[in-house]
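Chemist: One predicted model, sequence on top.
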Amino acid sequence: MSPVINNPKVSVVLPCYNAGKYIEQAVRSMMVQTYRNLEIIIVDDCSADESADVLKRLAMEDSRIMVLHNETNLKIVACLNKAIDIASGKYIARMDADDISMPDRIAKQIAFLEANENIAACGCNYIIIDEVGNKTGKVLFESTPDLLKPELLFFSALAHPAVTLRTAAAKEAGLYKPGMVPAEDYEFWLSIAEKFEMANLPEYLLLYRWHGNNVSVVQKKNLTEAMTKACTIHLDSFGFAGAFLYYHVKFLNGTWYMATNADEINGFAKWKKALVKKNEEAKLFDSTALRKTFDKYYSLALLSILKSRQNSLSLKLLAFTKLISINPFITAKHFLTR
């Protein structure tokens, strides 16, 4: 990827709450970025641990660091919006207090965004690490805008702390919504997707730390409910409401694989037909990408039904029939699994 010629300023937005164990690694990963034109805005949300002392020391090392201390605990959305409000950069780079960015992350994302003016936000793949930094897995996202957009119908298709986006787009999308916590990032991407294109670089540019305090572990139920609320609101604005939302919610809350009767299996097929038809009117998604994305998730649901030992033979036969209509290469061994 070609180097950035214009060298626009990037405002790193990093909220911090009781992250003393990891905050220095996170901030230093920004301090050593090969892309140097940064301001690093850190909002300490009234931490009760050593976070404030660590941030004070780091700010003395690097004049690009600006630390804001909240007098009361304002929570994540208020911290993010507070930082964006004072950001002076053309771009916002999100970062979390317990993750680590690769040294060339910002340089690669800015080069991509400067070369693609139609793209408002750029994420990347990430490597999962544990509390002590051991690598435990990888997460790969769709990279192209056409395929990424319909992915948002099913899950948050960008990693929040791995995204760099245009400041103007963030503000036009209405920033983060307090009523959407802990899925404020998912709702934010949905809002941006209604107005702009987004993409992911097909590279691993972030180490994402998975530990006991992650919101997606501690508040899984609340996360699912918030994602369902956000997606329902946006689907409703898209004109896709009513009975078919039931099937969409089953994908969002992870119960799509628990279909136990023919009506539900047939219902998913009717849901796809209705969604495709609505998109022909609204033209919100690329039609080929929407069909491909839906078929991917529908196939996962059908395969799970086939592999369940609790489902009847007749139900598996129906699921198998639906599945081979999507993917003719599925073999009978999936159907015969008992």
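Modeler: Now that the structure is in, tell me what you want to look at.
Chemist: pLDDT below threshold where in the stretch 201-338 of the chain?
Modeler: Scanning the stretch 201-338 of the chain with the threshold set as pLDDT under 70 gives 212-219, 238-244, 252-260, 329-338.
Chemist: buried residues in the one helix or strand Ser304 maps to?
Modeler: For Ser304, the host element (DSSP states H and E) is helix 287-307. Buried residues in helix 287-307, counted by 16 or more other C-beta atoms under 10 Å: 289-291, 293-294, 296-298, 301-303, 305-306. For every residue, glycine as well, the C-beta is placed using N, CA and C.
Chemist: what's the closest of the residues you listed to Asn261?
Modeler: Ile305 (10.5 Å; C-beta to C-beta).
Chemist: Quick check: the gap between the closest one and Leu245.
Modeler: Relative to Leu245, Ile305 is positioned 21 Å away (C-beta to C-beta, to the nearest Å).
Chemist: So what would you say the end-to-end distance of stretch 137-145 is?
Modeler: End-to-end distance for stretch 137-145: 25 Å, by C-alpha to C-alpha, to the nearest Å.
Chemist: Pull the residues that contact that stretch.
Modeler: 118-119, 123-128, 148, 151, 157-159, 197-202, 204, 208 (C-beta atoms under 8 Å, 6 or more residues apart in numbering).
Chemist: Please produce a ChimeraX select command covering the buried subset of these.
Modeler: To isolate the buried ones among the contacts of stretch 137-145 in ChimeraX, judged by 16+ other C-beta under 10 Å, type:
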select :119,123,124,125,126,127,148,151,157,158,159,197,198,199,200,201,204,208
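Chemist: quick one: contacts for Ala162?
Modeler: Contacts of Ala162 by C-beta under 8 Å, 6+ apart are Arg94, Ser101, Arg105, Gly123, Cys124, Tyr126, Leu205, Leu206, Tyr208.
Chemist: what's around the third one, how many residues?
Modeler: Meaning Arg105. The local packing of Arg105 (other C-beta atoms under 10 Å) involves 25 other residues.
Chemist: returning to what we had before: downstream of the helix holding Ser304, the next helix or strand is which one?
Modeler: Next along the chain after helix 287-307, taking DSSP H and E as the criterion, comes helix 313-326.
Chemist: Which strands and helices lie in contact with that following helix?
Modeler: Judged by 3 or more C-beta pairs under 8 Å, 6 or more residues apart in numbering; DSSP states H and E, the packing partners of helix 313-326 are helix 262-282, helix 287-307, helix 332-336.
Chemist: nearest to Ile42, of these?
Modeler: helix 287-307 (36.5 Å).
Chemist: contacts for that closest one?
Modeler: So helix 287-307 is contacted by 146-147, 149-151, 153-154, 251, 256-257, 259, 265, 268-269, 272, 275-276, 279-280, 311, 315-316, 319-320, 322-323, 326-327, 334-335, 337 (C-beta under 8 Å, 6+ apart).
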